[in-house]
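*Asks:* Coordinates for the following, if possible.
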Amino acid sequence: MKEPRRRIEVNLEELDRVLNGARQAPLSEEDHHKLREALHALAAMLVRPRNTERTSFVAGKPEDAASDTGKQPDPNEPSPPGHGRNGAEAFSGVKRVEIKHQTLAHGDRCPECGQGNVYAQKEPKVLVRVTGHAPLAATVYSLERLRCGACGQVFTAQAPPRIGDDKYDESAAAMIAQLKYGSGTPFHRLEQLEKQMGIPLPAATQWGIVAQAGQLIKPARDELIRQAAQGEVVHNDDTSMRVLRLERDPKDERTGVFTSGIVSTCEGRKMALYFTGSKHAGENLADVLKQRSRELPSPVQMCDALSRNVPRLAAGTEILLANCLAHGRRQFLEIAENFPAECRYVLEMLGLVYGHDAAARDDGLTANERLRLHQQRSAPVMDQLHLWLEAQLAQRRTEPNSGLGQAINYLLRHWLPLTLFLRQAGAPLDNNIVERALKRAVLHRKNALFYRTLNGAEVGDLFMSLIHTCQLCGANSFDYLIEIQRHARQLAACPAKWMPWNYRDTLTRTAEV
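*Replies:* Numbers count the residues shown, from 1 in each chain. Below you'll find the predicted structure:
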């Protein structure tokens, strides 16, 4: 790791003096240092930061591709996804209002020509109107009170039954949890926003609301853990976290605190779990797998090559370990500036493998069909890459202790788990899905900075697990959190029917009874 340069104060007049002085006499040591630091700082500001890991951006284009730079774009080529306006069908969570024609109905005589009849069109004209309001709104109900002048009895108007008995309903708890643990909005920031909207909502009150809601919906998280333990493929990794008040075992020599992320794929459904504490990702995964049925075959575990990510399982329990190919690829991305030709070769070879995997995904291949595709197309590529990596060291083309040598050694040392996708159906190429899941915890760490207690961290883990699972399966997390609070008794009785992927069906069946 490079040491940061010492901060110096230099203005333009001083730099002009140094340059003018250099015409008359050699630079002094002090002036040389100032000019050198100023030039280095300017160069660092001019360098464009890397925001992509594409091979063409990192390693540059090969020489034989330079002639393609003047190629005209194809006007018939479709625009990449994400461009253009959102149509009305994209607004899936909105209230829809049907408006009948004010003067005409289906089958009426045409008022324009008077000869034909008008008929309803299959597709109506659609208008979208978006309005803004505070994240949490409040309504004050003033109930009239009448007092008898003789006996003093007070008569109060009845409150509408629809407003409920609680000051903060299920939607309030769901919105606070969604903003805090789904979008990274700290309690105090939401407090300030609501205050500007004329609604007092102290941070302590917000915490009390989500903590109470967390107790109600805890059976959903427990069922999520049980089902995640049955997954065919499990991803895990962790990131650092801060808990201010964390009681530790006096014998525990660890000082770090981590949030572990686990993403499990079971019967095509993806489930996300978060655990915060002193345990590493491997230990948390081992706790989850204790609920795995013994009749199931060994799962595939995808992680990076850190030993702390591998669980220590009980005797008789086995896993098929796969390592993240993206981590191996990143070893070469970081040194591409120093070894452009060698790194470009490795990146392009791995790019072919990722291209085959993308083709299998686009074609909707099953796990076994995907395995055969990789064995036919990706296995020769990986074999050729393996021979090239070994030759670099065996023929002394690369210094083993150089950056390139260390990257090559990383791939060779973990070659078997890195290539499990060539031998096991369903084995993924990388651990990117859990890396993306951990961004939710990183967002909380960057905005809220810490959890105050381990109990607060457990509440955060619960909501993050449910919210991110909703995102993975395409469910509306805000609606889901509302419904499982409203049906807390049914959830406790049969949590398997109230998962993000089936709760809407359960609601439909409940309404029909």
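*Asks:* Spell out the residue ranges of the strands in the stretch 301-450 of the chain.
*Replies:* Per DSSP state E, counting those that start in this stretch, the stretch 301-450 of the chain carries strands over the ranges 320-323.
*Asks:* can you check the stretch 51-200 of the chain too?
*Replies:* 145-147, 154-156.
*Asks:* I'd like the ones you listed written out as TSV, with distance to residue 182 and mean neighbour count added.
*Replies:* For every residue, glycine as well, the C-beta is placed using N, CA and C. Formatted as TSV, those follow (distance: least, C-beta to C-beta, whole Å; neighbours: other C-beta atoms under 10 Å):
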stretch	distance to residue 182	mean neighbour count
strand 145-147	42	9
strand 154-156	40	9
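*Asks:* Quick check: mean pLDDT of the helix or strand encompassing residue 20?
*Replies:* Assigned by DSSP states H and E, residue 20 belongs to helix 12-24. Average pLDDT, helix 12-24: 81.
*Asks:* Can you give the distance of that helix from its chain's centre?
*Replies:* Centroid displacement of helix 12-24 relative to its chain, using C-alpha atoms, centre = their mean, to the nearest Å, is 52 Å.
*Asks:* follow-up on the earlier one: export the strands of the stretch 51-200 of the chain to a markdown table and append columns for mean pLDDT and distance to residue 25.
*Replies:* Below are these laid out as a markdown table (pLDDT from 0 to 100; distance: least, C-beta to C-beta, whole Å):
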| stretch | mean pLDDT | distance to residue 25 |
| --- | --- | --- |
| strand 145-147 | 93 | 94 |
| strand 154-156 | 91 | 94 |
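*Asks:* Give me the helices and strands touching the helix holding residue 20, please.
*Replies:* With contacts defined as 3 or more C-beta pairs under 8 Å, 6 or more residues apart in numbering; DSSP states H and E, helix 12-24 has these neighbours: helix 29-46.
*Asks:* Show me what the helix it packs on is packed against.
*Replies:* If you count contacts as 3+ C-beta pairs under 8 Å, 6+ apart, helix 29-46 packs onto helix 12-24.
*Asks:* what sits up against the helix it packs on?
*Replies:* 27, 31, 34, 35, 38 (C-beta atoms under 8 Å, 6 or more residues apart in numbering).
*Asks:* Quick check: chain neighbours aside, which residue is closest to residue 324?
*Replies:* residue 431 (3.9 Å; C-beta to C-beta, 6 or more residues apart in numbering).
*Asks:* my bad, residue 241
*Replies:* Spatial nearest neighbour of residue 241, excluding adjacent residues (C-beta to C-beta, 6+ apart): residue 259 at 4.3 Å.
*Asks:* For my notes, confirm that neighbour occurs in a helix.
*Replies:* No - with DSSP: H, G, I helix; E, B strand; the rest coil as the criterion, residue 259 is strand rather than part of a helix.
*Asks:* roughly how far apart are it and residue 191?
*Replies:* 24 Å (C-beta to C-beta, to the nearest Å).
*Asks:* more crowded one of these two?
*Replies:* residue 259 (28 against 18; other C-beta atoms under 10 Å).
*Asks:* so what's that one up against?
*Replies:* Contacts for residue 259 (C-beta under 8 Å, 6+ apart) come out as 238, 239, 240, 241, 274, 275, 276, 438, 441, 445, 457, 461.
*Asks:* buried ones in the lengthiest helix in the chain?
*Replies:* Determined from DSSP state H, the single longest helix within the chain is helix 203-228. Burial within helix 203-228, assessed by neighbour count using 16 or more other C-beta atoms under 10 Å, is assigned to 206-207, 209-210, 213-214, 216-221, 223-225, 227-228.
*Asks:* what's the answer for stretch 481-496, then?
*Replies:* For stretch 481-496, the buried set under the neighbour-count rule, 16+ other C-beta under 10 Å, comprises 481, 482, 483, 484, 485, 487, 488, 490, 491, 495.
*Asks:* same deal with stretch 382-395?
*Replies:* Those would be 382, 385, 389, 392, 393, for stretch 382-395 by 16+ other C-beta under 10 Å.
*Asks:* Put the alpha carbons of that stretch into CSV.
*Replies:* What follows is stretch 382-395 as a C-alpha-only set of coordinates in CSV (Å, rounded to 0.1, in the frame of the first residue of the first chain):
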residue,chain,number,x,y,z
MET,A,382,-9.9,-23.2,-19.3
ASP,A,383,-7.5,-26.0,-20.2
GLN,A,384,-5.7,-23.7,-22.6
LEU,A,385,-5.6,-21.0,-19.9
HIS,A,386,-4.2,-23.5,-17.3
LEU,A,387,-1.4,-24.5,-19.7
TRP,A,388,-0.5,-20.9,-20.3
LEU,A,389,-0.5,-20.0,-16.6
GLU,A,390,1.8,-23.0,-15.8
ALA,A,391,4.1,-22.1,-18.7
GLN,A,392,4.6,-18.6,-17.4
LEU,A,393,6.2,-19.9,-14.2
ALA,A,394,7.8,-23.1,-15.5
GLN,A,395,9.5,-21.4,-18.4
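*Asks:* which other residues reach that stretch?
*Replies:* Residues outside stretch 382-395 that contact it (C-beta under 8 Å, 6+ apart): 342, 345-346, 349-350, 353, 397-398, 400, 404-405, 408-409, 411-412, 415, 419, 422.
*Asks:* what do you get if the cut-off is 10 Å, keeping everything else the same?
*Replies:* For stretch 382-395, the surrounding residues in contact (C-beta atoms under 10 Å, 6 or more residues apart in numbering) are 325, 342, 345-346, 348-350, 352-353, 374, 397-400, 404-405, 407-412, 415, 418-419, 421-422.
*Asks:* Figure out how far it is from the centre of its chain.
*Replies:* With C-alpha atoms, centre = their mean as the basis, stretch 382-395 stands 35 Å off its chain's centre.
*Asks:* now stretch 469-487
*Replies:* On C-alpha atoms, centre = their mean, the centre of stretch 469-487 falls 17 Å from that of its chain.
*Asks:* now swap in stretch 283-302 and tell me
*Replies:* In terms of C-alpha atoms, centre = their mean, the centre of stretch 283-302 is found 23 Å from the chain centre.
*Asks:* quick one: buried residues of it?
*Replies:* Residues of stretch 283-302 classed as buried: 283, 284, 285, 286, 288, 289, 292, 299, 300, 301, 302 (neighbour count, 16+ other C-beta under 10 Å).
*Asks:* measure it end to end?
*Replies:* Taking C-alpha to C-alpha, to the nearest Å, the first and last residues of stretch 283-302 lie 14 Å apart.
*Asks:* Quick one: mean pLDDT for it?
*Replies:* 94.
*Asks:* out of the contacts of residue 259, which are buried?
*Replies:* Neighbour-count burial (16+ other C-beta under 10 Å) applied to the contacts of residue 259 gives 238, 239, 241, 274, 275, 276, 438, 441, 445, 457, 461.
*Asks:* Relative to the helix or strand hosting the first one, what are the paired strands and their orientations?
*Replies:* Right, the one you point to is residue 238. Residue 238 is part of strand 233-240, with elements assigned from DSSP H and E. In the sheet, strand 233-240 lines up against strand 258-266 (antiparallel), strand 300-303 (parallel) (DSSP bridges).
*Asks:* For these, could you give me JSON lines that also reports distance to residue 17?
*Replies:* JSON lines is the format used below for those (distance: least, C-beta to C-beta, whole Å):
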{"stretch": "strand 258-266", "distance to residue 17": "53"}
{"stretch": "strand 300-303", "distance to residue 17": "57"}
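*Asks:* For residue 470, find the nearest of these.
*Replies:* With distances scored as C-beta to C-beta, the stretch of the strands paired with strand 233-240 nearest to residue 470 is strand 258-266 (13.4 Å).
*Asks:* just for this structure, where's the confidence low?
*Replies:* Within the chain, the stretches with pLDDT under 70 are 1-10, 44-53, 56-83, 513.
*Asks:* show me where the stretch 351-500 of the chain has helices.
*Replies:* Remark: helices assigned in the stretch 351-500 of the chain by DSSP state H, counting those that start in this stretch are 367-373, 379-394, 403-413, 415-418, 432-448, 454-473, 477-486, 488-493.
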